[in-house]
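Visitor: Just the structure for this:
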Amino acid sequence: MRNSSVIDYRIATVALLVVAAVTVPAVASAQGASDGTPQVVGSPDIELSTPDNRIQTGTSQTVTVQVANSGDITRAGPSDLEARVTTARNAVFEADQGSLPDGMELNSGSIVASSVPTGGIDPVEFTFDVSDSLEAGSYRVPIAVSYDYTRLAERTGGGGTRYSDFSTEKTKYITLIVEDDARFSVEAVESNVIAGDSGSYVLRVRNTGVETARNPRVTLTADETGVFFGDLGTGQPAKTVSVSDSLSPGEATDVSVTAGADSDVTPASYPVDATVKYESTGGVTHESPVATTTMSVGDEQSFSFFNITSSLRVGEEGSIHGEIENTGPQPADSVVVRYADSSQTVTPIEETTAVGSVDVGESSSFSLPISVSTEAKDGQKSVGFSVRYRDSDKELQSYDKLDVQAEVAPERDRFGVEIVNRTISAGGSRTVDISLTNNLNETADDVEARLFADDPLDTGDTDTGYVQSLEPGETADLTFDLTSTASATPDSTYPISVDVRYDDTDGDSHLSDTYRLPIDVTEAEAGGLPLPVIVVALMLFGTGGLVVYRRRK
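Guide: Coordinates of the predicted model:
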């Protein structure tokens, strides 16, 4: 009986202490309020939700968790004090690996937020590796939320503010649903993409789920600026392509798209995000989680020229010869070297010359005919070339970064003109033989040379010579008539002129410069009377005959 009384006494004592502990703050609060001192009592009220909570096995998926704070006000007061007691400070969100189901592994750490005010904050994200062995169903995942908060905030008599701060940790739950549906893996199989060009990019899409996916189409998104899908100059950062009519469980198919990279993109592997949309057997549209693969970008395709030689000359047609090397990284088919300059004095006779296929590291020779006008200056000239080719996808591409140094020789006479015998007697006539040599780099056709002379020299009946054709370096002898009047001064030199009209290999007619040749006049030949003496004698003879005739009559 005594022991029972002692026990009852102790229980009553503990009860009084508990009541006192609860009542004293309330009394103090009431006193503070009755004294006119503002006092606010409250706490944060944090809830988590996952609007998109469907995950698939065999994937690594990021789950977005919405964080809301509705706040709980027990005693209202000034807005700044209410904001203080309802805000969670130094909030930490953490998923416990030990509480996850077998087959689900946390792949992200704790998430720290500086504060969670009323209304909430931006979503937080947790990444989970989900095994193929995880059965379909609904799973509750605990998220531990710890934070600091103020339970009571009040103004003090001196105008200050006093806070009663606490720390707490609460466990919230999110629900994840593992779907028993089609699932996909996406991996890069081949990339022919190089910097400054576009090429084929092949992906393998596999249905790793247990259901058939109908009308699957994959959307590819390139995260890196400068990497795109489509042709160079018109590509876009994202592209959607059809995979097939349907994809059965375990079935895979390759999808090829055109992709490219700008010339300033550093050769490397760049991430590409892929999502698959499809219809289930019930006709409902689904979208797979994002799968990340890579796109390999190689070095920019390039070519180089070497062993450059030139037969260019001012006022003539010539050629630039050389070799072109494919410096990689891909083989090039149907290679064409193209003149790509804008000079007014150096113009191509043919703008392109075909080279053929050139493998990486190989070279091939080329020759491009070019004409140089008479207004051009001789010496070293930089001539711009470009290269057109077909890549491994048979797409036509171009490379425009090549200049060659070509030597342009000084202007020269198109023909060499020499007189075989340069003398003529005063008052005499003779035939003159002239050697005509083709100095051009091409055959001259329908070659017509004409002789001109001024007093005291003159041309005779034959003042034109003709040659059907003259090969480069070939010489022909032409014969002309030439006369000299008696007034020509012996031991003097007089000029005669020759010009040449001809057709080039394209059939265009040209007239050469005028070539001046010297003629030396010698004394009249002995054994004959000079022409003036003969004329005077004839006149005297005729006059004498006329006198005799009249006398006889």
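Visitor: Nearest residue to E442 in space, please, no chain neighbours.
Guide: Among residues not flanking E442 along the chain, T505 sits closest, at 5.0 Å (Cβ to Cβ, 6 or more residues apart in numbering). For glycine as for every other residue, the C-beta is placed from the backbone atoms N, C-alpha and C.
Visitor: same question, R313
Guide: Nearest residue to R313, sequence neighbours excluded (Cβ to Cβ, 6+ apart): A409, at 4.2 Å.
Visitor: Any idea how many residues pack against the one you found?
Guide: Other residues within reach of A409, judged by other Cβ atoms under 10 Å, total 16.
Visitor: cool, and T522?
Guide: Neighbour tally, T522, other Cβ under 10 Å: 15.
Visitor: cool, T479 as well?
Guide: Neighbours of T479 under the rule other Cβ under 10 Å: 12.
Visitor: just checking, it touches G465?
Guide: Yes. Between T479 and G465 there is a contact at 6.8 Å, judged by Cβ atoms under 8 Å.
Visitor: overlap in contacts of those two?
Guide: Here T479 and G465 have I434 as joint contacts, going by Cβ atoms under 8 Å, 6 or more residues apart in numbering.
Visitor: Would you quantify the distance from the residue nearest to E442 to P472?
Guide: Distance, T505 to P472, using Cβ to Cβ, to the nearest Å: 11 Å.
Visitor: Next, show the common contact partners of the two.
Guide: Common neighbours of T505 and P472 (criterion: Cβ under 8 Å, 6+ apart): 442-443.
Visitor: sorry, back to before: now do the same contact list for the residue nearest to E442.
Guide: T505 makes contacts with 442-443, 445, as judged by Cβ under 8 Å, 6+ apart.
Visitor: Helices of the chain, start to end?
Guide: Using DSSP state H, the helices of the chain run over residues 2-34, 79-86, 531-552.
Visitor: weakest of those helices by average pLDDT?
Guide: Lowest mean pLDDT within the helices of the chain: helix 2-34, a mean of 38.
Visitor: What sits closest to the residue nearest the centre of the chain if chain neighbours are left out?
Guide: Using Cα atoms, centre = their mean, the residue of the chain that lies closest to the mean C-alpha position is G196, 2.5 Å off. Spatial nearest neighbour of G196, excluding adjacent residues (Cβ to Cβ, 6+ apart): S263 at 3.3 Å.
Visitor: Burial check on the one you found, number of neighbours?
Guide: 12.
Visitor: does it really touch I194, like I thought?
Guide: No. The criterion here is Cβ under 8 Å, and S263 misses it with I194 at 9.5 Å.
Visitor: Residues that sit against both of those two, list them.
Guide: By Cβ under 8 Å, 6+ apart, S263 and I194 have these common neighbours: E300.
Visitor: low-confidence ranges in this structure?
Guide: Applying pLDDT under 70 to the chain flags the ranges 1-36, 180, 525-553.
Visitor: mind listing the strands for the stretch 351-500 of the chain?
Guide: In the stretch 351-500 of the chain, the strands defined using DSSP state E, counting those that start in this stretch lie at 352-358, 363-372, 379-390, 396-409, 415-419, 423-425, 429-438, 444-453, 457-459, 464-470, 475-484, 492-503.
Visitor: Quick one, which of those strands gets closest to E105.
Guide: Checking the strands of the stretch 351-500 of the chain against E105 by Cβ to Cβ gives strand 396-409 as the closest, at 46.5 Å.
Visitor: and the closest one, how far from the chain's centre?
Guide: With Cα atoms, centre = their mean, to the nearest Å as the basis, strand 396-409 stands 19 Å off its chain's centre.
Visitor: now swap in stretch 50-69 and tell me
Guide: How far stretch 50-69 lies from its chain's middle: 39 Å, per Cα atoms, centre = their mean.
Visitor: CSV please, covering the strands of the stretch 351-500 of the chain and showing distance to R89.
Guide: Output for the strands of the stretch 351-500 of the chain, formatted as CSV (distance: least, Cβ to Cβ, whole Å):
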stretch, distance to R89
strand 352-358, 69
strand 363-372, 71
strand 379-390, 65
strand 396-409, 60
strand 415-419, 100
strand 423-425, 121
strand 429-438, 99
strand 444-453, 98
strand 457-459, 116
strand 464-470, 101
strand 475-484, 105
strand 492-503, 97
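Visitor: Just tell me which of those ends up closest to T345.
Guide: Closest of the strands of the stretch 351-500 of the chain to T345 is strand 363-372, at 6.6 Å (criterion: Cβ to Cβ).
Visitor: how many neighbours does the nearest residue to P51 once chain neighbours are set aside have?
Guide: In space, and not counting its chain neighbours, P51 is closest to Q66: 6.5 Å by Cβ to Cβ, 6+ apart. Q66: 16 surrounding residues under other Cβ under 10 Å.
Visitor: quick one, strands of the stretch 1-150 of the chain?
Guide: Remark: strands assigned in the stretch 1-150 of the chain by DSSP E, counting those that start in this stretch are 39-43, 46-49, 54-55, 59-69, 72-75, 88-95, 104-106, 111-116, 121-130, 137-155.
Visitor: Can you tell me which of the ones you listed is most buried?
Guide: When these are scored by mean count of other Cβ atoms under 10 Å, the highest mean neighbour count falls to strand 39-43 (a mean of 22).
Visitor: Of all the strands of the stretch 1-150 of the chain, which one comes closest to V276?
Guide: In terms of Cβ to Cβ, the element of the strands of the stretch 1-150 of the chain nearest to V276 is strand 59-69, at 11.3 Å.
Visitor: could you say what helices and strands that closest one packs with?
Guide: strand 46-49, strand 88-95, strand 111-116, strand 121-130, strand 161-178 (3 or more Cβ pairs under 8 Å, 6 or more residues apart in numbering; DSSP states H and E).
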